[in-house]
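S.K.: Here is a sequence together with a model predicted from it:
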Amino acid sequence: MDETVNLTIHQFGPISDADVVFNKYTVLIGKQGSGKSTIAKLYSMFTWMEKGLARRITSIKYMTQYSRFQKQYCSYHRIESYFKKETIICFYGLHYNFIYENEKFRVEEKGLPDSYKVAKVMYVPAERNFLSTVDDTNNLKSLPESLDTLLGEFDKAKNSFKSGYKLPFNDSDFEYDALNKIPWIKGSDYKIRLSAASSGYQSVLPLSMVTKFLSDLVLENANKEELTNKEKKQIEKEVNKVMDDKSLTEEVKFATLRSISSRFKYSRFVNIVEEMEQNLYPESQMAVLFDLLNYANKIDLNRLVLTTHSPYIINYLTLAAKAYLLNEKILENDDLKNKINEIVPLSSIVNPVQLHIYELKDGNVMSLNSYEGLPSDENFLNIQLGETNELFDQLLEIEEEFDNKN
């Protein structure tokens, strides 16, 4: 079975035309407002919707009635206002196709295998550092739904790792005082509240801890038995009761269905991260990226989607891809493998065939070229660095002109 999915977009929000293939690792680069998050949000939404249909916790009829696609599913990611009369969105998933055109939404079933690989889908928004600015997150109210979902997983992660969690950088540790609901950051000679820590710590903790927590959850679930037919029928009965209850609002129904869905066994982890480099020094960006790649590599069907403004991320992915190719080439040479591991952890190497990088510009999306199997450096982010050098040269020329006249 082809394990890639395809998303095409025409005239939706900032996107004029896009054709994106999602493989194991998918990266979206471009300026602010170019549509990176729009694509990531649509992928997250459709992956979640496909999961809901595959497990029968919702139905095609429910999804396609009463403009729920726009008012409920798109509203979750606050993209319900992005529609235009000419909007076309097509998501060709593993087992379902979702089509929006001519202002109508439909779902096509492609057929399910006997054992569907259920995905735990996590969308990590760029606003995540807000969750670290207060000690007791129970006081946070009226959050955007995607941020509220992350908060729920972050709270679970804090309790799960309250005795200690090592951050990917700075030799720092996390501890959680569950009694007083205070998260702490510890170093060799300091201990401070997370709410008083640097913005880099506040940004990375919700991302890294939730990633580890959900990855561990999926790995633990992989060893559990599938639900019996009796259990599945009971869940379907509960779902139908919720969906038929006219006294419940759409928001309450949506939240209840999410709760019911948590009783299924998860077989893979789909991690979608906005601006993972946020507030991080380049060396720390590399450490966090390799950490995310490590968890993506734990299960073949895991997926990692990143949006980024950082040229370093593309360069570090090139390192991870080159390390993969070298590791395949040297075979059983343990000494050389150890040398590779010192540069790029072997648990974080990337098969370049499974790496898709897309550049967004002027409403269009272009697949980044490769050179000898590695990502090309001819992309928007590296060009911006080159333009800085050119501007500096122009300043030197002005200086030289002045010196010559004087």
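M.R.: That came through fine. None of these values were measured; they are calculated from a predicted model. Numbers count the residues shown, from 1 in each chain.

S.K.: So, low pLDDT: which residues of the stretch 151-300 of the chain?
M.R.: Scanning the stretch 151-300 of the chain for pLDDT under 70 picks out 222-232, 250-251, 254, 257-264.

S.K.: Tell me which stretches of it form strands.
M.R.: 165-166, 173-177, 182-186, 191-193, 268-274 (DSSP state E, counting those that start in this stretch).

S.K.: Show me where the stretch 201-350 of the chain has its helices.
M.R.: All helices of the stretch 201-350 of the chain, identified by DSSP state H, counting those that start in this stretch, fall at 229-244, 250-261, 282-296, 311-330, 334-343.

S.K.: coming back round to it: could you name the stretch from the strands of the stretch 151-300 of the chain that's closest to Ser142?
M.R.: strand 268-274 (20.3 Å; CB to CB). Quick note: C-beta positions are derived from backbone N, CA and C, even for glycine.

S.K.: Show me what that closest one is in contact with.
M.R.: 36-37, 40, 43-44, 47, 117-126, 207, 211, 214-215, 218, 292, 295-296, 298-299, 301-307 (CB atoms under 8 Å, 6 or more residues apart in numbering).

S.K.: give me that answer again for 7 Å
M.R.: With CB atoms under 7 Å, 6 or more residues apart in numbering as the test, strand 268-274 has contacts from 37, 40, 43-44, 47, 117, 119-126, 207, 211, 214-215, 218, 292, 296, 299, 301-307.

S.K.: which of these count as buried?
M.R.: Buried members of the contacts of strand 268-274, counted by 16 or more other CB atoms under 10 Å: 37, 40, 43-44, 47, 117, 119-125, 207, 211, 214-215, 218, 292, 296, 299, 302-307.

S.K.: Could you tell me which of these belong to strands?
M.R.: 119-124, 303-307 (DSSP state E).

S.K.: ok so, going back, any chance of the helices of the stretch 201-350 of the chain in TSV, plus distance to Ile89?
M.R.: Formatted as TSV, these follow (distance: least, CB to CB, whole Å):
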stretch	distance to Ile89
helix 229-244	24
helix 250-261	20
helix 282-296	26
helix 311-330	27
helix 334-343	41
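
S.K.: With respect to Tyr201, which of these lies nearest?
M.R.: helix 282-296 (9.8 Å).

S.K.: hang on, the earlier thing: ok, and which of the strands of the stretch 151-300 of the chain has the densest surroundings?
M.R.: Highest mean neighbour count among the strands of the stretch 151-300 of the chain (mean count of other CB atoms under 10 Å): strand 268-274, with a mean of 23.

S.K.: State the paired neighbours of that strand in the sheet, together with their directions.
M.R.: strand 119-124 (parallel), strand 303-308 (parallel) (DSSP bridges).

S.K.: I'd like to know which of those strands has the weakest mean confidence.
M.R.: Confidence, taken as mean pLDDT, is least for strand 119-124 of the strands paired with strand 268-274 (a mean of 92).

S.K.: What count of nearby residues applies to the nearest residue to Glu103 once chain neighbours are set aside?
M.R.: Among residues not flanking Glu103 along the chain, Lys85 sits closest, at 6.8 Å (CB to CB, 6 or more residues apart in numbering). Other residues lying near Lys85 total 7 when counted by other CB atoms under 10 Å.

S.K.: quick one: Lys85 from Thr64, how far?
M.R.: Remark: distance between Lys85 and Thr64 (CB to CB, to the nearest Å) = 19 Å.
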